[in-house]
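S.K.: Need coordinates for the below:
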Amino acid sequence: MMQIILIGMPGCGKTTVGRLLANRCGYAFLDLDTEIERDAKRKISEIFAKEGEDTFRAMETAVLKKALLKEKTVISTGGGIIVREENRKLMQEKGTVVFLDRPLEKILSDVDIQERPLLAEGKEKVKLLYNQRYDNYCKTAAIRILNDLDAETAVVQICQALGL
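M.R.: Numbers count the residues shown, from 1 in each chain. Now for the predicted structure:
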């Protein structure tokens with residue numbers, strides 16, 4: 001099997017579910033945001049503040065391309081990975097894309113929005129991004145998992161959907 005790529009809003013559980021899924025499947029785990037920060041030697045919030053979203057998105061695409069060269073890897077993406085059509089196509093070509101669809105109310109109650117550059121403007125910004133991105137999450141994903149319970153349940157649902 002190719003890569004398993006997790007997409008969804010910030011706070012939907014991509015990293016938590018991704019680590020558990022990788023462990024269960026015997027795959028490596030890779031968090032794109034962590035890779036970007038490591039390569040850039042600075043926090044994503046700093047990249048956004050000093051260089052802007054366009055620079056960050058270009059870095060994100062470059063890191064995605066490298067990640068997709070690996071084998072048997074669960075990749076946790078940033079919430080905005082689907083903003084670029086190039087990213088959507090790359091993910092669909094190179095792996096199985098899983099949309100972790102967490103209800104907006106749960107995201108708003110669970111996420112520390114101060115830690116997220118695009119969410120720091122508050123709950124209205126979160127709602128706006130959710131509405132702007134939702135269709136692209138759905139169109140990009142081969143599998144949609146409603147992540148409204150716990151991470152283990154989401155992992156079981158993903159494994160069932162993938163036939164693992």
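S.K.: Now do the strands in this protein.
M.R.: 3-7, 28-31, 73-76, 95-101, 143-146 (DSSP state E).
S.K.: Which stretch among those strands is buried most, on average?
M.R.: Among the strands of the chain, strand 3-7 has the highest mean neighbour count (mean count of other CB atoms under 10 Å), at a mean of 28. Bear in mind the C-beta positions are built from the backbone N, C-alpha and C, glycine included.
S.K.: longest helix in the protein, by residue count?
M.R.: With secondary structure taken from DSSP state H, the chain has its longest helix at helix 44-67.
S.K.: what distance separates it from the centre of its chain?
M.R.: The chain centroid and the centroid of helix 44-67 are separated by 14 Å, computed with CA atoms, centre = their mean, to the nearest Å.
S.K.: what's the least confident helix or strand in this protein, going by average pLDDT?
M.R.: Confidence across the helices and strands of the chain bottoms out at helix 104-110, with a mean of 80, counting by mean pLDDT, DSSP states H and E.
S.K.: Near Thr15, how many other residues are there?
M.R.: Here the count is done by other CB atoms under 10 Å, and Thr15 has 18 residues near it.
S.K.: Please report how far it lies from Leu21.
M.R.: Thr15 sits 11 Å away from Leu21, taking CB to CB, to the nearest Å as the criterion.
S.K.: Can you pull up the most central residue in this structure?
M.R.: Taking CA atoms, centre = their mean as the criterion, Thr77 is the residue nearest the geometric centre of the chain, at 2.9 Å.
S.K.: isn't that one right up against Lys14?
M.R.: Yes: counting by CB atoms under 8 Å, Lys14 is a contact partner of Thr77 at 6.6 Å.
S.K.: Can you tell me which helices and strands the least confident helix or strand of the chain packs against?
M.R.: When contacts are defined as 3 or more CB pairs under 8 Å, 6 or more residues apart in numbering; DSSP states H and E, helix 104-110 packs onto helix 123-140.
S.K.: In space, what's closest to Asp33 - neighbours in sequence excluded?
M.R.: If you skip the residues right next to it in sequence, Asp33 has Gly78 as its closest partner in space, 5.1 Å away by CB to CB, 6 or more residues apart in numbering.
S.K.: right, I mislabeled it, should have said Arg102
M.R.: If you skip the residues right next to it in sequence, Arg102 has Cys12 as its closest partner in space, 3.8 Å away by CB to CB, 6+ apart.
S.K.: Quick check: the one you found touching Pro103?
M.R.: No: using CB under 8 Å as the test, Cys12 is too far from Pro103 to be in contact (9.3 Å).
S.K.: Low-confidence regions, this protein specifically.
M.R.: For the chain, applying pLDDT under 70 flags the ranges 1, 110-122.
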